[in-house]
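> return a 3D structure for these sequence lines:
(chains A and B)
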Number of protein chains: 2
Amino acid sequence: MAQLTNFTYEELTLGQTASYTKTVTEQDIQLFAVVSGDVNPVHLDSDYAATTPFNGPIAHGMLTGAVVSAAIALQLPGPGTVYLGQTLRFRLPVRPGDTLTVKLEVMELKDKRQQVELDCKVFNQDEKLVASGLANVMAPTQKLAIQAPSLPRFTPS
Amino acid sequence: MAQLTNFTYEELTLGQTASYTKTVTEQDIQLFAVVSGDVNPVHLDSDYAATTPFNGPIAHGMLTGAVVSAAIALQLPGPGTVYLGQTLRFRLPVRPGDTLTVKLEVMELKDKRQQVELDCKVFNQDEKLVASGLANVMAPTQKLAIQAPSLPRFTPS
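As a prediction, the model looks like this:
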């Protein structure tokens, strides 16, 4: 199992960066529909989606938000971080099979409650900016090195 | 199958409201871990989570964001909406079994590109505010009444 480590507030520096990559599969889009309840056919029905201005199925916008949140939770600052807020601007559609890379950068270190502001940019495999925003988090005070649980596995039924 | 309908930009009025309710199950949290890749044990491992300041497992913060996005996509303005941006402030933890109700209200109608600003508040079953923010969307111009695809079904494997 992979080990998860973090950066404590004291270890963070202005301009520090991290990145996280995730390919968005067709199944991820179906799972996101289950989690959210959003069964809009522009995400789930290829034939319908082909008739829309998107010319084919697209991922739910907030699925990209989910990937941004994972970057923060796993990479910077990592486990023990408390997520306080997020802004997101959705710039380009994400399609099944797209590979997203989240780039994070520490923009501000506030001494109050170990709050940290992170710039978040999400690029696809063509290096196009698909989403951007700012995260506000409370960084961990305690250094952690914990075993990552295995990713749960699900099959369509 | 349920029918999905929408409000076109012309049909929206200032102060118009809608709500959407979703219970967050333990399986939803596992599915969100798969979609995002965020395997932090505070979400997936009850024993570990019991040792954290949360005293037990919590949902990923952005899972609440996913439920907000579903409210917009399904209810107000509904199908055909283009999601441009979202701000979220995470105020209280969400736990497996919590029932979230998203309340949306039209705050501003901008004539430019049919843009609409929506106030978003998320309450749990105890009527505590767990998250809040603003959404910026492009409302549909075309009236739609479409069949909702069935929710995909997945079983742990």
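> which of the residues in stretch A:74-91 are buried?
A:74-90 (16 or more other Cβ atoms under 10 Å in any protein chain shown). The way it works is simple: take the backbone N, C-alpha and C, and place the C-beta from them, glycine included.
> for A:A145, what are phi and psi?
Dihedral pair for A:A145: phi -140, psi 100, per degrees, to the nearest 10.
> distance between stretch A:82-95 and the chain's centre?
The chain centre lies 8 Å from the centre of stretch A:82-95; the measure is Cα atoms, centre = their mean, to the nearest Å.
> equivalent analysis for stretch A:17-25, please.
The answer for stretch A:17-25 is 7 Å, by Cα atoms, centre = their mean.
> now do it, average pLDDT.
Across stretch A:17-25, the average pLDDT comes to 98.
> so what touches that stretch?
Contact partners of stretch A:17-25, identified using Cβ atoms under 8 Å, 6 or more residues apart in numbering or on different chains, comprise A:59, A:63, A:67, A:70-71, A:74-76, A:94-106, B:36-37.
> hang on, the earlier thing: please list which of the buried residues of stretch A:74-91 are also close to chain B.
A:L74, A:P79, A:Y83, A:L84, A:G85, A:Q86, A:T87, A:L88, A:R89, A:F90 (Cβ under 8 Å from any Cβ of the partner chain).
> where's the fifth one, which helix or strand?
When secondary structure is defined by DSSP states H and E, A:G85 falls within strand A:82-90.
> buried residues in the next helix or strand after that strand?
Next in sequence after strand A:82-90, counting helices and strands by DSSP H and E, comes strand A:99-110. Using 16+ other Cβ under 10 Å as the test for burial, strand A:99-110 gives A:L100, A:T101, A:V102, A:K103, A:L104, A:E105, A:V106, A:L109.
> between the strand holding A:G85 and strand B:82-90, how many degrees?
170 degrees (axes from the mean of the first three to the mean of the last three Cα atoms, to 10 degrees).
> which secondary structure elements does strand A:82-90 contact?
helix A:61-74, strand A:115-123, strand A:129-138, helix B:61-74, strand B:82-90 (3 or more Cβ pairs under 8 Å, 6 or more residues apart in numbering or on different chains; DSSP states H and E).
> now tabulate these in a markdown table and tack on mean pLDDT and distance to B:N55.
Listed next are these as a markdown table, based on pLDDT from 0 to 100; distance: least, Cβ to Cβ, whole Å:
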| stretch | mean pLDDT | distance to B:N55 |
| --- | --- | --- |
| helix A:61-74 | 98 | 19 |
| strand A:115-123 | 98 | 23 |
| strand A:129-138 | 98 | 17 |
| helix B:61-74 | 98 | 17 |
| strand B:82-90 | 98 | 17 |
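> could you dump these into TSV and include distance to B:D28?
Below are the helices and strands packed on strand A:82-90 laid out as TSV (distance: least, Cβ to Cβ, whole Å):
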stretch	distance to B:D28
helix A:61-74	12
strand A:115-123	23
strand A:129-138	22
helix B:61-74	7
strand B:82-90	17
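> and the ones you listed: which comes nearest B:V130?
helix B:61-74 (6.3 Å; Cβ to Cβ).
> restricting to C-alpha, output the closest one in PDB.
Only the C-alpha atoms of helix B:61-74 are listed here, as PDB (Å, rounded to 0.1, in the frame of the first residue of the first chain):
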ATOM      1  CA  GLY B  61     -15.800  18.200   1.300                       C
ATOM      2  CA  MET B  62     -16.200  18.300  -2.400                       C
ATOM      3  CA  LEU B  63     -18.800  15.500  -2.300                       C
ATOM      4  CA  THR B  64     -21.000  18.300  -0.900                       C
ATOM      5  CA  GLY B  65     -19.900  20.300  -3.900                       C
ATOM      6  CA  ALA B  66     -21.100  17.500  -6.200                       C
ATOM      7  CA  VAL B  67     -24.500  17.600  -4.600                       C
ATOM      8  CA  VAL B  68     -24.700  21.400  -5.100                       C
ATOM      9  CA  SER B  69     -23.800  20.900  -8.800                       C
ATOM     10  CA  ALA B  70     -26.600  18.300  -9.100                       C
ATOM     11  CA  ALA B  71     -29.100  20.700  -7.700                       C
ATOM     12  CA  ILE B  72     -28.200  23.200 -10.400                       C
ATOM     13  CA  ALA B  73     -28.100  20.700 -13.200                       C
ATOM     14  CA  LEU B  74     -31.400  19.000 -12.300                       C
END
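> good, we can wrap up now.
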